[in-house]
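K.L.:
Next one to model:
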Amino acid sequence: MKASTILLVLTMLFSFGLAEAQETKPKQSPPDSSSVTTDDGVTIAINYGSPSLKGRQLGVDIAEVGKVWRAGANEATTVSFDKDVTVEGKALPAGKYSLHAIPGEQQTTFIFNKVWKKWGTEYDEAQDALRVDVDNQETSDNVERLKITADKSGKIHLAWGNYGLSMNVKAAK
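P.N.:
Coordinates of the predicted model:
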């Protein structure tokens, strides 16, 4: 009798565990990535969580103007370069960095931070490796889910809502 009771309890626990495992929901901000080898031989790899606007207004409800933003969702957005590069003409050694941004009315400051293995909202300005300013661009597209890509010319593009940002990456000479 005891053996059959134990077997019944174990069967029920296993069944509940299996049912719970099948109900896992996808992340609200799923992971995304972009990787390219540029025309001048730099491999750029970007990994980020891709949030949706869900009716929120950029610069007000999310990615607030004047405040450090994680440039994605979930874990820190990372950008890696396999060679020394220049970003918008400024030197940055080869390596992996977390990417943050400070949105502004006319320009956005991109921040490459030395600490990349962290939750996205963690940020220590003392660990900044480089800051570059880029002009904000309005687009006619309305991109619901954040998209960060790199292309063969060495441009890293960020598109979200009706906004776009681009920064130029070149192999260091």
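K.L.:
going forward, measure contacts between C-alpha atoms and count neighbours the same way
P.N.:
OK.
K.L.:
Enumerate every residue touching the closest residue to Pro31 other than its chain neighbours.
P.N.:
Closest residue in space to Pro31, ignoring its immediate chain neighbours: Gly49 at 4.4 Å, by C-alpha to C-alpha, 6 or more residues apart in numbering. Residues in contact with Gly49, defined by C-alpha atoms under 8 Å, 6 or more residues apart in numbering, are 29-32, 72-75, 77.
K.L.:
Lys155: which of the residues you listed is nearest?
P.N.:
Lowest distance from Lys155 to those (C-alpha to C-alpha) belongs to Thr77, with 16.8 Å.
K.L.:
Contacts only, for the closest one.
P.N.:
Per C-alpha under 8 Å, 6+ apart, neighbours of Thr77: 46-49, 70-71, 98-100, 116, 120.
K.L.:
Equivalent analysis for Val42, please.
P.N.:
Val42 neighbours (C-alpha under 8 Å, 6+ apart): 81-83, 85, 170-171.
K.L.:
Now do the helices in this structure.
P.N.:
2-22 (DSSP state H).
K.L.:
coming back round to it: need the max-distance pair from the contacts of Val42.
P.N.:
So, the contacts of Val42 by C-alpha to C-alpha: farthest apart are Asp82 and Lys170, at 11.7 Å.
K.L.:
Good, we can wrap up now.
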